[in-house]
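# No sequence on hand, only this structure:
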Ligand SMILES: [Fe+2]
């Protein structure tokens, strides 16, 4: 990311930031049709934080409920589908663990349907699955979720368009202004080649960092397969982060 200065309407001199379009999704990705109208037309500008951001609600361990990290026990019965474990570490540049970070996930159910009024995919809702979870990273940067493998779903971006199975991730630092969002995919998905969101990341190595890794060592025998997904905030191995408006 490179910077240069610009002057705001109030006369304040602000640094503006040029995105690294090689390892991040380009803001204007014509193949991802809905990005055409909502991508920024001007360079990103740094907005200084004020006392409100600093003194706002703090994120902490006591804000997560006992079952928030386990999406399979949030209702009276078990959800349908393939139970999986998704875990990993949040790391800074140089592999330094990031503790006490709020990690939130949201996803479709095993049939590819979101519990959302805007989802019109004719697949069944699951009364035992809401598709949202959260936890805090521990002192070594580890997080862990138990969930159901999400299904692929159609999304009308182009003819016969289907999203590969994915889980949305949100990370918060010490304040909501420090939020980062990304998506986790599953290895070997046959839908990667036709997905303009996945392919909006042009660097193949950066795309690979969005794909989780199957891990037999943390697979629990006769119970659940395990996938590992580390999230790296900065540096040459940084994860791919997207704009908050992207919700497909
Ligand atoms: Fe999605």
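Structure's in. What do you need? Just so we're clear, the structure is a prediction, and the values are computed from it rather than from any experiment.
# neighbouring contacts of stretch 84-98?
101, 103, 105, 137, 139-149, 167, 171, 184, 212, 218-220, 224-235, 238 (C-beta atoms under 8 Å, 6 or more residues apart in numbering). Where you see a C-beta, it was placed from the backbone N, CA and C, and this is true even at glycine.
# Ends of it, what's the gap?
Stretch 84-98 has an end-to-end distance of 24 Å (criterion: C-alpha to C-alpha, to the nearest Å).
# tell me the mean pLDDT over it?
The pLDDT scores in stretch 84-98 average 93.
# What of stretch 145-159?
Mean per-residue pLDDT for stretch 145-159: 97.
# for that stretch, which positions count as buried?
By neighbour count on 16 or more other C-beta atoms under 10 Å, the buried set for stretch 145-159 is 145-153, 155, 157.
# Helix or strand next in line after the longest strand along the chain, which one?
As assigned by DSSP state E, the longest strand anywhere in the chain is strand 83-91. For strand 83-91, the following helix or strand on the C-terminal side (DSSP states H and E) is strand 102-106.
# buried stuff in that next one?
Neighbour-count burial for strand 102-106 [16+ other C-beta under 10 Å]: 102-106.
# roughly how far out does the helix or strand just after it sit from the chain middle?
Per DSSP H and E, strand 102-106 leads on to strand 132-136 as the next helix or strand towards the C-terminus. Averaging C-alpha positions (C-alpha atoms, centre = their mean, to the nearest Å) puts strand 132-136 12 Å from its chain's average.
# now stretch 149-164
Offset of stretch 149-164 from its chain centre (C-alpha atoms, centre = their mean): 17 Å.
# And that stretch, end to end?
First-to-last residue span, stretch 149-164, C-alpha to C-alpha: 12 Å.
# can you pull the buried residues of stretch 127-140?
Across stretch 127-140, burial judged by 16+ other C-beta under 10 Å covers 128-137.
# Tabulate those in CSV, adding columns for pLDDT and distance to residue 88.
Formatted as CSV, those follow (pLDDT from 0 to 100; distance: C-beta to C-beta, whole Å):
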residue, pLDDT, distance to residue 88
128, 98, 26
129, 98, 22
130, 97, 22
131, 98, 19
132, 97, 18
133, 97, 14
134, 95, 15
135, 95, 12
136, 93, 14
137, 94, 10
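# Pull the most distant pair out of the residues you listed.
128 and 137 (27.2 Å; C-beta to C-beta).
# these two touch, right, residue 224 and residue 83?
Yes - using C-beta atoms under 8 Å, residue 224 is in contact with residue 83, at 4.4 Å.
# between those two, what contacts are shared?
Here residue 224 and residue 83 share the contacting residues residue 146, scored by C-beta under 8 Å, 6+ apart.
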